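Colleague: Sharing a sequence plus its predicted fold:
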Amino acid sequence: MAVLTKYEQETVINFNVAESDAVVFTRDKAIMRKLDALVTEFPELYKCLKVTDIDKIYSMPKQYVSYRKHRKISEELKKQRREMMRIMNDGKTEKT
């Protein structure tokens, strides 16, 4: 298998208004693992169309392509979560 630079490990998602499916071309191993898991779990929705030694092409409903806005978390909430994690981690170390 060829070794790709980080720049070459791209993912391209292509869809248009006229079609219901999006086509995903990727050379990113992490994306491949995620999409392979979706193909296995939901074969009626996600399909692997083509596989080469360095990339894969998938098909999926374009409605599952997601755009999310950045979540803003207040400093107070961050502080609370840090404290909760500290308590949880302290509990784990006591058990071992």
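Modeller: Nice, thanks for sending it over.
Colleague: When you work out contacts or count neighbours from here on, use the C-alpha atoms and nothing else.
Modeller: Fine.
Colleague: Now do the helices in this protein.
Modeller: 29-41, 75-95 (DSSP state H).
Colleague: Among these, which comes closest to residue 16?
Modeller: helix 29-41 (20.4 Å; CA to CA).
Colleague: Next, the buried residues of the closest one.
Modeller: Using 16 or more other CA atoms under 10 Å as the test for burial, helix 29-41 gives 31-32, 35-36, 38-39.
Colleague: same check, this time on stretch 44-54
Modeller: 46-48.
Colleague: so can I have CSV of those residues showing distance to residue 7 and pLDDT?
Modeller: Output for the buried residues of stretch 44-54, formatted as CSV (distance: CA to CA, whole Å; pLDDT from 0 to 100):
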residue, distance to residue 7, pLDDT
46, 26, 97
47, 26, 98
48, 23, 98
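Colleague: Can you tell me which of the residues you listed is nearest residue 80?
Modeller: For these, the nearest to residue 80 is residue 46 (38.8 Å; CA to CA).
Colleague: isn't the closest one right up against residue 39?
Modeller: Yes - shown here, residue 46 and residue 39 form a contact pair, counting by CA atoms under 8 Å, at 4.8 Å.
Colleague: returning to that earlier point: with distance to residue 8 as extra columns, can I get the buried residues of stretch 44-54 in JSON lines?
Modeller: Below are the buried residues of stretch 44-54 laid out as JSON lines (distance: CA to CA, whole Å):
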{"residue": "46", "distance to residue 8": "24"}
{"residue": "47", "distance to residue 8": "23"}
{"residue": "48", "distance to residue 8": "20"}
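Colleague: Lovely, talk soon.
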